[in-house]
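**Student:** Mind looking at a prediction? Sequence and model below.
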Amino acid sequence: MLEIGALWWGVTIGLVVLLLAIDLVVAAARPHRVGFREAVLWSLFYIAVAVAFGVVFWMTAGAQFGTEFFAGYIVEKSLSVDNLFVFVIIMSTFAVPEEHQHKVLTFGIVLALVMRAIFIAVGATLLNYFSFMFLLFGLLLLFTAVQLFRHRDEDPDVEDNGLVKIARRVFPVTDEYDGGKLFTRLQGRRMVTPLFIVLVAIGGIDLLFALDSIPAVFGVTSEAFIVFAANAFALLGLRALFFLVKGLLDRLVYLSTGLAVILAFIGVKLVLHWLHVDIAPSVPEIPTPLSLGVIVGILIVVTVASLIKTRNDPSATAHAGSLKATRSREPQADRES
């Protein structure tokens, strides 16, 4: 068992809050279009912070837990790329001005961190008291993997999101943005702007992704601290990664297939762990170093195969994938509009 004291928790949460505060201040104080160079620098910064944290954690907690952190970080980072697909769809669907996309993403990341912190606490408690939860989490990931693979060539319908529908029914919404405001007055009537609906949509998507990503990272480690740290550092870099790769996402045509395979692999790992613990110790388990190698290998194969496919067939376009059948879209036209 990993012994984590109040100091480690305090330092980690403090670092995450500090980085989020910097993001919020930058977004609020200087709304602007984030260019490629700025996105690269921010991305490298967040990756460097995560790697530095992992190295210090490895040296302090040992190789086993250090490996679990890096494996969890890579799992969450790969799943976060699928988040980016949906964020691109949301931004294009609601025509969010480029100077406000930074702010929207930062608030979306804050919402995601809060939701995942709650899911981590609940998940860790359930796994601690009920070992059969490993089986349930494994089956959930296997189901998700099958659905994602079946609908890998589709995009989720943002307007069909339940929270968005409720928000539109409850709040009067203006047709136009009012700078970066969430609320405004129109002819003396207090209304919400489309920016408010965008945040609701991102919050709903964050909730759905948390339901998949938390069981996935628990398949790599059962330590709540590592699960939280891996999620936090993966999400912190999501804003910069969005601006860095949003023009390249359409080329990752096999990403949804690769993520489905990763989720299925982790689901099998969780089921084997449950069988090993509750049924028979002779049932083999998949060690974390092997899991790390398999996940990295899948991501490399998916990326290389996608680039080869799009080079040979420029008309091929990637999709975010969906867990249920949705109406067809024209993602390329939507994203460029």
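**Tutor:** Nice, I can see it.
**Student:** From here on, just use CA atoms for contacts and neighbour counts.
**Tutor:** Will do.
**Student:** What count of nearby residues applies to Gly293?
**Tutor:** 11 (other CA atoms under 10 Å).
**Student:** I'd say Thr67 and Thr288 touch.
**Tutor:** Yes. With contacts defined as CA atoms under 8 Å, Thr67 counts as touching Thr288 at a distance of 7.1 Å.
**Student:** Tell me the buried residues in the helix or strand hosting Arg169?
**Tutor:** Here Arg169, judged by DSSP states H and E, is contained in helix 162-170. For helix 162-170, burial by neighbour count (16 or more other CA atoms under 10 Å) applies to 163-164, 167.
**Student:** Spell out which residues are contacts of both of Thr67 and Thr288.
**Tutor:** With contacts taken as CA atoms under 8 Å, 6 or more residues apart in numbering, Thr67 and Thr288 have no neighbour in common.
**Student:** Could I get the full set of helices for the stretch 201-337 of the chain?
**Tutor:** 224-236, 238-245, 255-274, 288-312, 331-336 (DSSP state H, counting those that start in this stretch).
**Student:** quick one: which of the ones you listed is nearest Leu19?
**Tutor:** Proximity to Leu19, assessed across the helices of the stretch 201-337 of the chain by CA to CA, is greatest for helix 224-236 (7.6 Å).
**Student:** pull the helix or strand with minimum mean pLDDT from this protein.
**Tutor:** One helix or strand of the chain scores below all others by mean pLDDT, DSSP states H and E: helix 331-336, with a mean of 42.
**Student:** Same question for stretch 297-307: list its buried residues.
**Tutor:** Buried residues in stretch 297-307 (16+ other CA under 10 Å): 298-299, 302-303, 305-307.
**Student:** meant to ask about stretch 260-278
**Tutor:** Within stretch 260-278, the residues that count as buried by 16+ other CA under 10 Å are 260-275, 277.
**Student:** can you check stretch 144-163 too?
**Tutor:** Across stretch 144-163, burial judged by 16+ other CA under 10 Å covers 144-158, 163.
**Student:** Equivalent analysis for stretch 282-297, please.
**Tutor:** Using 16+ other CA under 10 Å as the test for burial, stretch 282-297 gives 285-286, 288, 291-292, 295-296.
**Student:** show me what contacts the residue nearest the centre of the chain?
**Tutor:** A centroid search over the chain (CA atoms, centre = their mean) returns Ser80, at 3.0 Å, as the residue closest to the centre. Applying CA under 8 Å, 6+ apart, one finds that Ser80 lies in contact with 234-235, 238.
**Student:** ok, it to Ala112 distance?
**Tutor:** Here Ser80 is placed at a distance of 11 Å from Ala112 (CA to CA, to the nearest Å).
**Student:** ditto for Phe119
**Tutor:** For Phe119, the distance to Ala112 (CA to CA) stands at 10 Å.
**Student:** Distance check, Ile109 against Ala201.
**Tutor:** Ile109 is 13 Å from Ala201, where distance means CA to CA.
**Student:** So for the two, which sits in the more crowded spot?
**Tutor:** Neighbours were counted for Ile109 and for Ala201 using other CA under 10 Å; Ala201 has more, 25 against 22.
**Student:** Please, where are all the helices along the stretch 1-150 of the chain?
**Tutor:** Under DSSP H, counting those that start in this stretch, the stretch 1-150 of the chain gives helices at 6-29, 36-61, 63-93, 98-129, 133-150.
**Student:** Select, out of those helices, the one closest to Leu207.
**Tutor:** Closest of these to Leu207 is helix 98-129, at 6.6 Å (criterion: CA to CA).
**Student:** Mind listing what's buried along that closest one?
**Tutor:** For helix 98-129, the neighbour count (16+ other CA under 10 Å) marks 99-113, 115-117, 119-120, 123-124 as buried.
**Student:** can you list the weak-confidence ranges in the stretch 1-150 of the chain?
**Tutor:** For the stretch 1-150 of the chain, applying pLDDT under 70 flags the ranges 1, 26-34.
**Student:** a markdown table for the helices of the stretch 1-150 of the chain, including distance to Phe171?
**Tutor:** Converted to a markdown table, the helices of the stretch 1-150 of the chain look like this (distance: least, CA to CA, whole Å):
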| stretch | distance to Phe171 |
| --- | --- |
| helix 6-29 | 24 |
| helix 36-61 | 34 |
| helix 63-93 | 19 |
| helix 98-129 | 19 |
| helix 133-150 | 33 |
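**Student:** tell me the contacts of Leu252?
**Tutor:** By CA under 8 Å, 6+ apart, the contact list for Leu252 reads 302-303, 306-307, 317-318.
**Student:** Out of these, the closest to Gly54 would be?
**Tutor:** Taking CA to CA as the measure, Thr303 is the one of the contacts of Leu252 closest to Gly54, at 24.6 Å.
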